[in-house]
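S.K.: Need a 3D model of the following:
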Amino acid sequence: MAAEISAAHTDGVVLVAVLKGSVPFMADMVRSMTVVPVIDFMAISAYAADTGRVRIVKDLDLDIMGRDVVLVEDIVDTGLTLHYLLAELGRRQPRSLEACTLLDRTSRRIIPTPVEYRGFEIGDEYVLGYGLDYAQRYRNLDRVVVGDLTVLRDDPDAYVASLHPR
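M.R.: Numbers count the residues shown, from 1 in each chain. Model prediction:
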């Protein structure tokens, strides 16, 4: 993906990472790019659990008007959050606006949302690691693993010993 984004944006690009999950992915991607990207961050929070409604809790520091922008996500699921963020960023009049995600779970998509750059398509399993968490745990894994959400709800530390051997 780094090569694709670099080739498409030879004049430079602004990468906007959605905190917190996309940070490890974006850091690795930036190290592989052949153009020098400008990096900024956004953070969102749900208004109410499972509503799909979000609000921005950390906004961009940069003005993106007239610039090429790639929004970097860790995972795109229903498309609701990505749709909201693309609409919000689009109102700021960038020259171009694209989405990039490490994991794309198209089976749960509610809103058709364009994702120009995608790493892997996954099924409906719950995944952890490489930025993805459960209760702020497992983000630091150097890989993505499948977890059982029922097990994690009962014990958020259920996989800590096996995934973080001492």
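S.K.: And the chain, split by domain according to the record?
M.R.: Annotated domains of the chain cover 2-124, 126-166 [automatic domain parsing].
S.K.: would a markdown table of the ones you listed with mean neighbour count be doable?
M.R.: C-beta: built from backbone N, CA, C; applies to glycine. Output for those, formatted as a markdown table (neighbours: other Cβ atoms under 10 Å):
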| stretch | mean neighbour count |
| --- | --- |
| domain 2-124 | 16 |
| domain 126-166 | 14 |
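S.K.: From residue 106, how far off is the residue lying closest to residue 38 once chain neighbours are set aside?
M.R.: Once flanking residues are discounted, residue 38 sits nearest to residue 14: 4.7 Å by Cβ to Cβ, 6 or more residues apart in numbering. Taking Cβ to Cβ, to the nearest Å as the measure, residue 14 falls 26 Å from residue 106.
S.K.: Likewise for residue 37?
M.R.: 26 Å.
S.K.: Quick check: which element contains the nearest residue to residue 61 once chain neighbours are set aside?
M.R.: Spatial nearest neighbour of residue 61, excluding adjacent residues (Cβ to Cβ, 6+ apart): residue 40 at 5.8 Å. Element membership of residue 40, judged by DSSP states H and E, is strand 38-46.
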